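Enquirer: For reference, the sequence and a predicted model appear below.
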Amino acid sequence: MRDFIKKTPIHNSNLNSPSDENRPPSLTTADHSPRPSNSNHHQFYSLSSRGGGSASIPRNAGRSSGAAVITTSGTTGRLTGKNVSNTGGSGAYNVSTQLEELTKKINGWKQQSQESFIKSFESKSLAGCESMRTLAEDSMDGRKRRNPADVAYFVAKEILNGERTYKTDLEVICVQLKRELDEAEEIPQGLFQNVFSLLQPIYESQGTLLVEIEHRLSTWESRTTNTHRPDDSQRIGDLLLKQNDALEQYQNYLIRLPEILAEFDIAFRKNKAFEQFYRGFEQYRYCYLPLTAFLLKPAQRLFQYQSSLERLLTHYPAHHSDTVNCESALQNFRRTFSTVHDAVSVAEHFTKLVDLQRDLLGIDNLAVPTREFIREGCLLKLSKKGYQLRMFVLLTDVLLYTNRVSNTTGQFKLHGQIGVRGMMVEDAEPREGMEHCFTLYGGNRALMLAANTAEEKTRWLHDLHTAVDQSKRLAYDKLLQFGSLKSYSSSDEVLDKFDAFHVSPAHTATSDADTLRTKSPSERSVVLPRSNTTLHVCWHRQTTISIRELSRAFQLQQSGYLLRKFKNSTGWQKLWVVFTDFCLFFFKNNQEDCPLASLPLIGYRVTVPSLDDAIEKDHVIKLYFTTHKYFLRTDSEFSFHRWMEVLGLATQPDHQNISPDLNGTGMHV
């Protein structure tokens, strides 16, 4: 120990500074003064800490000739050494014992320092393996401290996030599709010229608006950091009011959209080269939605502008400087949307029918302007082999039932149809071990069906009764012909054969090998399945959705950075998340155009974590379906409530007291 001890003059100081109480003291050894001979005083050595405190110990401590008295000064815990003579006065403290205690303290401090270093190193190593988690949390927490607390700021930030996603969606048509067409052969270029000529001005004006909003938000954040007084930069209504010049472009495009969609559908069914090009383009990763969904994005964005302005006006006081601009902009958007409402509604219904036609085999003219979608979902159908799972599609004029085929396309084969007009719907008692049963009669055909839950049965009965009632008032005999729909009738559907059924409830599913196969032009082409369409999701999760839920999904769009965590993972990953068309899409950042993953939310429920989830973070959303769990974390309370609102409405089952609009006026009722 003497080799590590430095000789210093006597002085009084703190041994443990409050700021260095957990750090071991450093030991210094240096003294260039000569040792006096025959001195009655002891020379002291000092154990100095990094904070400047020291404990003084006499060099000849422990000798019989004398002793050093070490006392504490006051309540500060300072040890002071005093010069004493070789008289061995009373109260002298055993210096060797004190030295031993200090040595133990030093060793303890060293041990604590090593353990602290190891823990810090392990933490940094773990952060290196899961850097996304650590950086994401720091980024989210840091932004939460920097961002203003004003609701208007968060609404403006939500508009900015939506504009970034909107730009990416428009580029799918105006950039990606246009580039692919330039390289394609035997594709009628004139078919797309209307789309490009009408959509390109919207794309250019949107790019200008995005730059202006980004600059405005950047200024907003910096001004809020430096001053608490709002200025002209802390508003957004004036920028949206400038969009009045672009609203005419929206109007021209959306009024023509039903005609454009009809032309695309005709070319798809009659031009083999166009069909292959169309299907091939939808397989690109940046085309993460059906092509028709991207064509509808301008209409959805108009609705989002209105919603954002309404939230701002709800928040602003009457005298706010941005109120007048927001009110004027809102009137402009409402006026434009009312003008294009009917055309957008027709386009929505037609788009849904086109998507169904892509997924169904054996149907050539499903998408016609006068037909509307009501409900799709899984039901158990009783046959000679027992209860078998079938996918049912209810339209305004016909009920279709299908089964998924066993090929690479993942499409659904038509098994049969029943006209809505004249259909009879009856409740039924449980049969063959199945609950929630009901029966459909149409002509000389009867279907004995069972739903998975009582709630789903109630929804089906409601929509079936509504469709039948509407058919009595509408002249369907003048509207639709079903000559191209394959007519399928089997002995298990004829009325006089039902009494012979002897089935077991264990037969509640059918294999793909039992599916009828017929050749059709659409079936002969090789198509990769799009697994996130509503028809496929309802099949895999054995659930159902209606026109009302589709209408809500059209209105609910949300974008922004979130932290995502899986059920059994330990870290949070920061991702750019886009919710649209019943599905969450996860991107690396807001500049990427290809999603890393997607999560369809049909059948999911939205809530907050429970104690069993062991989530010790704020602003966390829990998504769950059976045993599947996902957690999403926002950076602010405002964002948390907005995401909860959007996801909650999107996954909420439709209410039975709302009747679908079946008279051709569209989804928005």
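Expert: All right, it came through fine. Note that this is a predicted model, so its numbers are computed, not measured.
Enquirer: just the helices in the stretch 351-500 of the chain please.
Expert: 454-473 (DSSP state H, counting those that start in this stretch).
Enquirer: The stretch 201-350 of the chain too?
Expert: Counting by DSSP H, counting those that start in this stretch, the helices of the stretch 201-350 of the chain are 237-241, 244-270, 272-281, 291-295, 297-315, 323-359.
Enquirer: What is the longest one packed up against?
Expert: What that stands for is helix 323-359. Counting contacts by 3 or more C-beta pairs under 8 Å, 6 or more residues apart in numbering; DSSP states H and E, helix 323-359 is packed against helix 237-241, helix 244-270, helix 291-295, helix 297-315, strand 373-383, helix 534-541, helix 547-555. In short, each C-beta sits where N, CA and C put it, glycine included.
Enquirer: ok and the following helix or strand past the last one relative to helix 297-315, angle-wise?
Expert: Toward the C-terminus, helix 547-555 is succeeded by strand 558-566 as the next helix or strand (DSSP states H and E). Using axes from the mean of the first three to the mean of the last three C-alpha atoms, to 10 degrees, the inter-axis angle of strand 558-566 relative to helix 297-315 is 90 degrees.
Enquirer: what's strand 558-566 in contact with?
Expert: 136-137, 140, 157-158, 161-162, 164-165, 571-579, 586, 590, 615, 629-635, 639, 642-643, 646-647 (C-beta atoms under 8 Å, 6 or more residues apart in numbering).
Enquirer: residue ranges with poor pLDDT in the protein?
Expert: 1-95, 106, 109-149, 223-232, 407-409, 474-531, 655-669 (pLDDT under 70).
Enquirer: Buried residues of stretch 637-657, list them for me.
Expert: Judged by neighbour count (16 or more other C-beta atoms under 10 Å), stretch 637-657 contains these buried residues: 638-640, 642-644, 646-647, 650-651, 653-654.
Enquirer: and which of those is nearest H319?
Expert: F638 (22.9 Å; C-beta to C-beta).
Enquirer: Next one: that closest one from D150, what distance?
Expert: According to C-beta to C-beta, to the nearest Å, F638 and D150 sit 10 Å apart.
Enquirer: Let me see the residues that make contact with stretch 257-272.
Expert: Contacts for stretch 257-272 (C-beta under 8 Å, 6+ apart): 188, 191, 194-195, 274-275, 278, 292, 295-296, 299, 343-344, 346-347, 350-351, 354, 357, 364, 367, 369, 521, 525.
Enquirer: before we move on, back to that, distance to C594 and mean neighbour count for the helices of the stretch 201-350 of the chain - can I get that in JSON lines?
Expert: Listed next are the helices of the stretch 201-350 of the chain as JSON lines, based on distance: least, C-beta to C-beta, whole Å; neighbours: other C-beta atoms under 10 Å:
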{"stretch": "helix 237-241", "distance to C594": "29", "mean neighbour count": "20"}
{"stretch": "helix 244-270", "distance to C594": "24", "mean neighbour count": "18"}
{"stretch": "helix 272-281", "distance to C594": "14", "mean neighbour count": "16"}
{"stretch": "helix 291-295", "distance to C594": "14", "mean neighbour count": "20"}
{"stretch": "helix 297-315", "distance to C594": "17", "mean neighbour count": "19"}
{"stretch": "helix 323-359", "distance to C594": "21", "mean neighbour count": "20"}
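Enquirer: so which of those helices gets nearest H415?
Expert: helix 323-359 (14.3 Å).
Enquirer: between that closest one and helix 534-541, how many degrees?
Expert: Using the same axes, to 10 degrees: helix 323-359 against helix 534-541 is 70 degrees.
Enquirer: Give me the angle between helix 323-359 and helix 272-281.
Expert: Computed by the same axes, to 10 degrees, the angle between helix 323-359 and helix 272-281 is 120 degrees.
Enquirer: Can you give me the neighbour number for Q558?
Expert: Other residues near Q558 number 22, with proximity taken as other C-beta atoms under 10 Å.
Enquirer: is it in a bridge, and if so with what?
Expert: For Q558, the beta-bridge assignment (DSSP bridges) gives partners F579.
Enquirer: what about it, distance to I621?
Expert: Distance from Q558 to I621, by C-beta to C-beta: 12 Å.
Enquirer: Need the overlap of contacts for the two.
Expert: Going by C-beta under 8 Å, 6+ apart, residues that sit against Q558 and also against I621 are 643, 647.
Enquirer: Buried residues, stretch 385-401. List them.
Expert: Across stretch 385-401, burial judged by 16+ other C-beta under 10 Å covers 386-401.
Enquirer: again, but for stretch 416-428
Expert: 416-421, 423, 425.
Enquirer: ranges for the strands of the stretch 401-550 of the chain?
Expert: 412-419, 424-427, 437-442, 445-450, 544-546 (DSSP state E, counting those that start in this stretch).
Enquirer: Now F631: closest residue in space that isn't a chain neighbour?
Expert: K565 (4.2 Å; C-beta to C-beta, 6 or more residues apart in numbering).
Enquirer: Could you do I187 as well?
Expert: In space, I187 is closest to F277, 5.4 Å off (C-beta to C-beta, 6+ apart).
Enquirer: Helices of the stretch 551-669 of the chain, residue ranges please.
Expert: Going by DSSP H, counting those that start in this stretch, the stretch 551-669 of the chain shows helices at 637-651.
Enquirer: Show me where it has its strands.
Expert: Using DSSP E, counting those that start in this stretch, strands in the stretch 551-669 of the chain cover 558-566, 573-580, 583-587, 597-600, 605-607, 620-625, 628-633.
Enquirer: For those strands, give me JSON lines that also has distance to R445.
Expert: JSON lines is the format used below for those (distance: least, C-beta to C-beta, whole Å):
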{"stretch": "strand 558-566", "distance to R445": "44"}
{"stretch": "strand 573-580", "distance to R445": "39"}
{"stretch": "strand 583-587", "distance to R445": "36"}
{"stretch": "strand 597-600", "distance to R445": "33"}
{"stretch": "strand 605-607", "distance to R445": "37"}
{"stretch": "strand 620-625", "distance to R445": "35"}
{"stretch": "strand 628-633", "distance to R445": "38"}
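Enquirer: then stretch 545-557 to CSV, C-alphas only?
Expert: As requested, the backbone C-alpha atoms of stretch 545-557 are provided in CSV (Å, rounded to 0.1, in the frame of the first residue of the first chain):
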residue,chain,number,x,y,z
ILE,A,545,-67.5,-7.5,-43.7
SER,A,546,-70.2,-5.4,-45.2
ILE,A,547,-70.6,-2.3,-47.3
ARG,A,548,-70.8,-0.1,-44.1
GLU,A,549,-67.3,-1.3,-43.0
LEU,A,550,-65.9,-0.6,-46.5
SER,A,551,-67.4,2.9,-46.3
ARG,A,552,-65.7,3.6,-43.1
ALA,A,553,-62.4,2.2,-44.4
PHE,A,554,-62.6,4.6,-47.4
GLN,A,555,-62.8,7.5,-45.0
LEU,A,556,-60.1,6.3,-42.5
GLN,A,557,-56.5,6.9,-43.5
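Enquirer: Mind listing what's buried along that stretch?
Expert: 545-557.
Enquirer: farthest pair in those?
Expert: Between any two of the buried residues of stretch 545-557 (C-beta to C-beta), the greatest distance is 19.7 Å, for S546 and Q557.
Enquirer: Could I get the contacting residues of L247?
Expert: 332-333, 336.
Enquirer: what about it, distance to L199?
Expert: 15 Å.
Enquirer: what does H628 give?
Expert: 38 Å.
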